[in-house]
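A.B. asks: Okay, here's the prediction I keep looking at, along with the sequence it came from:
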Amino acid sequence: MPPLNAAFPSALRRPTSSAGSEEEEEEEEEAAVEKREAAKGGAGGDGGAAPMDVEGGGGADEEWRVQAAEYKAQGDAAFKAKQLDDAVAAYTQAIALDPDNHVLYSNRSAAYLGTGNAKSKALADANKCVDLRPDWTKGYLRKGAAEHALGRHDAAIETYGNGLRMEPGHAGLVKGVAAAKEGAERARIEAREEARREREEAEAKEAAIKEAARKAEMEKSADELLAGFFGDVDEEQERRAEEKREKAAAARKAMVQTQKTDVYTQQELGTSEDQAARVLASNYKMKNLNPFRVLDLGIDATIEDIKFRYKKLSILVHPDKNAHKENKHGTWQDAFEELKDAYNKLMVEEDRQKAIATIEKSQADTERERRKLINKGMKESDFDDTLEEKVEKKIMKAFADIELRRRDAEKHLAASRKRAREQEDEEKETRKKEAKMDKDWSKEERRDKRMENWNSFEKAGGIKKKVSGFKQQERGDSKKPKFGAHEHEEWRKNWK
């Protein structure tokens, strides 16, 4: 048999410990118990609890008892040396050999509890120990200690009480009861304190919610008062702005569209490079959705103003006139095409009126929002953009939204037309297949009909001719068989 202490070399060196320590007391108590049990029942009287003296007068014991005792000794040594993992491993080896030994479960329970991270396993071993030896007080001590460590103070008090009923005045059990009661009281105090903290937190949270609701109500009341005041101011300002817009619109309608406006005819347009930089600025495709911006005109421009401005700008950026110049912002052809597209839009009355309506609405909305903010206490210096810059951004966004909706509509229309074409093609293909199927079926039907007629004719015997005086000759039994045939037939009938 291999040496038993090879797996636990650290446990073989028995370190010295101070006299009167808890481990030594337990070891002495276990030794006393083992001696008493050995005296009562002889060798192995309690199922292997007492180690056997293999050289004594009790006779040679089984090898497994000796090996279990060796593992137990290794576990005891490791436990005294505070090498609890080694102790657990040694006791586990011993239990595998002697699973009914209550002392082994008691010792392993103490080792598990000492590790600090196996309290449930410690309680399981203590329960097993009590099950094996219900009359052994050490088992109740182990069980109570495990329950106490798990925070089950009431259960620990009951367990210690069960042990004291068997052995009143047991020092370990008395000490355990006192510790469990102290722990239970501490747990109750902590539970009350936790409940108090939770209650105070809930009350504080509820009070904060009520305070926030009260402040919100006060702010709402103040806002309603201010809104009532500023609402009247806003309504008056909005009425005046609306009157101003109506007068401007009436002035545009009354303006003779065949006349030029001095403000646009006398406006300086700069050089061709200046106009190319303006028309082909960054993100110009979205900015130039507003045709009035491309031609640098206001919405009060007449038809003649639009024609005059397009003529002037197209001359400035015409590709033929600028072929020798470098355009840093794009091609001269791109600038010319942008001007041409804007001019064509403005020459269509419906498109021009839509553009004017979009610009007017964006300007009115921006002015209204700015007035509301100013009435609430903001100043012009508090805004990031001036009113003119904000209006320009609002107008550009409005035209961009219109363009995106137009593209989406075109996309949906194209998809709808594609689905219609595909459906039409599928219907044509279906009709073509049905026509072919009908044609093939007709051919097969005629062929099957001919075959059916021919089969019917064959079954009927074809064309029958009546022959007078004809009678089919039948073979009779009187015909004499050939030589040997009769005997052969008889032999076949009789053979099995």
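C.D. replies: On my side now, so go ahead. Just so you know, these numbers come straight off a predicted model, no measurement behind them.
A.B. asks: mind checking which helix or strand the residue nearest to residue 107 when sequence neighbours are not counted is in?
C.D. replies: Leaving aside its chain neighbours, residue 107 sits nearest to residue 91 (5.4 Å; criterion: C-beta to C-beta, 6 or more residues apart in numbering). Yep, even glycine has a C-beta here, placed from its N, CA and C like the rest. Residue 91 belongs to helix 84-97 when assigned by DSSP states H and E.
A.B. asks: before we move on, what about residue 178?
C.D. replies: Applying DSSP H and E, one finds residue 178 within helix 171-254.
A.B. asks: which secondary structure elements does that helix contact?
C.D. replies: On a contact count with 3 or more C-beta pairs under 8 Å, 6 or more residues apart in numbering; DSSP states H and E, helix 171-254 meets helix 137-149, helix 153-166, helix 349-375.
A.B. asks: Just want the angle from the shortest one to helix 171-254.
C.D. replies: Read that as helix 137-149. Calculated by axes from the mean of the first three to the mean of the last three C-alpha atoms, to 10 degrees, helix 137-149 forms an angle of 20 degrees with helix 171-254.
A.B. asks: Make TSV out of the helices and strands packed on helix 171-254 and add mean pLDDT, mean neighbour count and distance to residue 112.
C.D. replies: Shown next, in TSV, are those (pLDDT from 0 to 100; neighbours: other C-beta atoms under 10 Å; distance: least, C-beta to C-beta, whole Å):
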stretch	mean pLDDT	mean neighbour count	distance to residue 112
helix 137-149	92	26	8
helix 153-166	90	19	16
helix 349-375	86	16	72
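A.B. asks: Could the C-alpha coordinates of the helix holding residue 91 be exported in CSV?
C.D. replies: Extracted in CSV, the C-alpha atoms of helix 84-97 (Å, rounded to 0.1, in the frame of the first residue of the first chain):
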residue,chain,number,x,y,z
LEU,A,84,-8.1,23.8,6.6
ASP,A,85,-8.2,22.9,3.0
ASP,A,86,-5.8,20.0,3.6
ALA,A,87,-7.9,19.0,6.6
VAL,A,88,-11.1,18.9,4.6
ALA,A,89,-9.3,16.8,1.9
ALA,A,90,-8.0,14.3,4.5
TYR,A,91,-11.4,14.0,6.3
THR,A,92,-13.1,13.5,2.9
GLN,A,93,-10.7,10.6,2.2
ALA,A,94,-11.4,9.1,5.6
ILE,A,95,-15.2,9.4,5.1
ALA,A,96,-15.0,7.7,1.7
LEU,A,97,-13.5,4.7,3.6
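A.B. asks: Summarise which helices and strands that helix is packed against.
C.D. replies: helix 9-12, helix 63-80, helix 102-115.
A.B. asks: how about a cut-off of 6 Å?
C.D. replies: helix 63-80, helix 102-115 (3 or more C-beta pairs under 6 Å, 6 or more residues apart in numbering; DSSP states H and E).
A.B. asks: so where's the stretch 101-250 of the chain shaky on pLDDT?
C.D. replies: 222-238, 245, 248-250 (pLDDT under 70).
A.B. asks: Using CSV, please lay out the helices and strands packed on helix 84-97 together with distance to residue 403.
C.D. replies: Formatted as CSV, the helices and strands packed on helix 84-97 follow (distance: least, C-beta to C-beta, whole Å):
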stretch, distance to residue 403
helix 63-80, 84
helix 102-115, 74
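A.B. asks: deepest of those helices, which one?
C.D. replies: helix 102-115 (a mean of 25; mean count of other C-beta atoms under 10 Å).
A.B. asks: starting at the chain centroid, how far to that helix?
C.D. replies: 46 Å (C-alpha atoms, centre = their mean, to the nearest Å).
A.B. asks: could you say what helices and strands that helix packs with?
C.D. replies: helix 84-97, helix 119-132, helix 137-149.
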